[in-house]
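J.: following is a predicted model, sequence given first.
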Amino acid sequence: MARAIVLANNNPERKINLVIEEINRGDCAAIFGQFFQLLDRNSDGSGEYGITPPPELEQFLMSEAEGSLSHDAEGGGKLCMPSNLTLMATMNTADESLYPMDAAFRRRWEWEVVPVEPFPPELETVKLNDGHKELNWPDLLRKINRMIVELRRDEDARIGPWFVRPDDDMIDKGQFRNKLLYYLWGTVLKNYRARAFADKLNTFEALQKAFDDNGVKGVINSTWLSDADHTSDVEQNIGDEGSPT
């Protein structure tokens, strides 16, 4: 962050972008420190508030700066965000962050949600050969995602198009068996196994064997492999049986 501020300050005619990958995987308060106060912007992009850097940071900034650093509009001599510096960050809302991201931090950003669907056109020709049948991968993925949403009522838990990457228009059977199925069994549908998976599958090892013996139809409850909308059925089951298991 400090280097980006210096770079923007030294090149006022250029637009400088600082990209932060998976921002919710770290402690934002610790990562940004005092810079948190610089995130508020005026309409022209300049910082609304300034900070007085600690001596070590001020020494670094001054040693790297070519000329004076950006200061607050009121002339208080405090360090401000340069108007030509843009911060961009990505985050996966499905990830269980190790550190909470508080509302005060969130509201200082402009947000753009990237939808899971529609899938990229190049995915439409991808297949999964489960050892018993060749399946259209995006169609199967849509059915799995529908199952997740209808059982969990949580769209953030859906499987993204590149969770398993195809090779030569084919999804590796082992990746489906060991990566995706385990993610569904152990994380996403952990509390909904009885409704999500085929009958009498009580362990992940049993799930894997069922997949080896019968492919996808041997592990996913047949309810979800059809094209019907099962929302009402799920709601009725929950009402009759209590909380999902």
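T.: Sure, I can see it. Because the structure is predicted, anything quoted here is derived from the model rather than measured.
J.: and for the nearest residue to Ile20 once chain neighbours are set aside, the neighbour number?
T.: The shortest distance from Ile20 to any residue other than its chain neighbours is 4.1 Å, reached at Ala89 (CB to CB, 6 or more residues apart in numbering). (C-beta placed from N, C-alpha, C; glycine too.) The tally of other residues near Ala89 (other CB atoms under 10 Å) stands at 13.
J.: for Ala89, which residues are in contact?
T.: Counting by CB atoms under 8 Å, 6 or more residues apart in numbering, Ala89 touches 19-21, 23, 109.
J.: Serialize those to CSV and add fields for pLDDT and distance to Asn10.
T.: Converted to CSV, these look like this (pLDDT from 0 to 100; distance: CB to CB, whole Å):
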residue, pLDDT, distance to Asn10
Val19, 95, 19
Ile20, 92, 21
Glu21, 92, 25
Ile23, 89, 25
Trp109, 90, 25
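J.: if any of these are buried, put those into a ChimeraX selection.
T.: Here is the ChimeraX selection string for the buried members of the contacts of Ala89, based on 16 or more other CB atoms under 10 Å:
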select :20,23
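J.: so who does the residue lying closest to Leu57 once chain neighbours are set aside touch?
T.: Closest residue in space to Leu57, ignoring its immediate chain neighbours: Ala2 at 6.4 Å, by CB to CB, 6+ apart. Applying CB under 8 Å, 6+ apart, we find Ala2 in contact with 35, 57, 60-61.
J.: now, among the residues you listed, which is nearest to Lys217?
T.: Nearest to Lys217 among those, counting by CB to CB, is Phe35 at 53.2 Å.
J.: does that closest one touch Met1 like I think?
T.: Yes: in this structure, Phe35 is within contact of Met1 by CB atoms under 8 Å, at 5.1 Å.
J.: so where's the longest helix in the chain?
T.: helix 137-152 (DSSP state H).
J.: centre of the chain to the helix or strand following that helix, how far?
T.: With elements assigned by DSSP states H and E, the helix or strand that comes after helix 137-152 is strand 170-171. From the chain centre to the centre of strand 170-171 is a distance of 23 Å (CA atoms, centre = their mean, to the nearest Å).
J.: what does strand 170-171 rub up against?
T.: 126-129, 137, 164.
J.: got TSV for the contacts of Ala2, with pLDDT, distance to Arg195 and secondary structure too?
T.: Converted to TSV, these look like this (pLDDT from 0 to 100; distance: CB to CB, whole Å; DSSP: H, G, I helix; E, B strand; the rest coil):
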residue	pLDDT	distance to Arg195	secondary structure
Phe35	87	47	helix
Leu57	82	54	helix
Phe60	85	57	helix
Leu61	81	57	helix
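J.: the protein: strands as residue ranges?
T.: With DSSP state E as the criterion, the chain has strands at 16-20, 85-89, 127-129, 134-136, 170-171.
J.: of the ones you listed, which is nearest Lys78?
T.: Of the strands of the chain, the one closest to Lys78 (CB to CB) turns out to be strand 85-89, at 16.1 Å.
J.: perfect, I'm done here.
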